[in-house]
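Colleague: Predicted coordinates and the sequence they were generated for:
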Amino acid sequence: MAHCPDCGSKISSLAEMCPQCGFSLKHTSLLRQKQRARRRKEALKRLIPGFVLLVIGVGLIHLDINVFLSLVLLSLGSLLVLLGFLASIGLELRRIK
């Protein structure tokens, strides 16, 4: 079983089109473009909040306000930036269900 790159529904790996949305699986260049766009979108969901947390953490350290909170924010921001970077290059951690 595979997943449709357009709608995400499960389809046969031998199918030429998605029965749910009609997306043609023959056009691999379009398929790659959609996968890259989805990857960039996923990366931005992590990168932007990561950078915001990093800036807030650095600001709190600079102002000498609650060093523990600053370190927590810096750690979370660094993790989100790392995950966003990995998603942007196509590597993602598998979620355990």
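Modeller: Alright, I've got the coordinates.

Colleague: And the strands in the protein, which stretches?
Modeller: Under the criterion DSSP state E, the chain contains strands at 2-3, 10-11.

Colleague: Could you point out which of those strands sits nearest residue 77?
Modeller: Proximity of those to residue 77 was assessed by Cβ to Cβ; the nearest stretch is strand 2-3, lying at 31.2 Å. C-beta coordinates here come from the backbone N, C-alpha and C atoms, glycine included.

Colleague: what does that closest one contact?
Modeller: Counting by Cβ atoms under 8 Å, 6 or more residues apart in numbering, strand 2-3 makes contact with 9-13, 15, all of which sit outside it.

Colleague: Each with direction, which strands does it pair with?
Modeller: Looking at strand 2-3 with DSSP bridges, its paired strands and their directions are strand 10-11 (antiparallel).

Colleague: Kindly indicate the member of the contacts of strand 2-3 with the most neighbours.
Modeller: residue 11 (20 neighbours; other Cβ atoms under 10 Å).

Colleague: That one is in contact with residue 22, isn't it?
Modeller: No - shown here, residue 11 and residue 22 do not form a contact pair, counting by Cβ atoms under 8 Å, at 11.2 Å.
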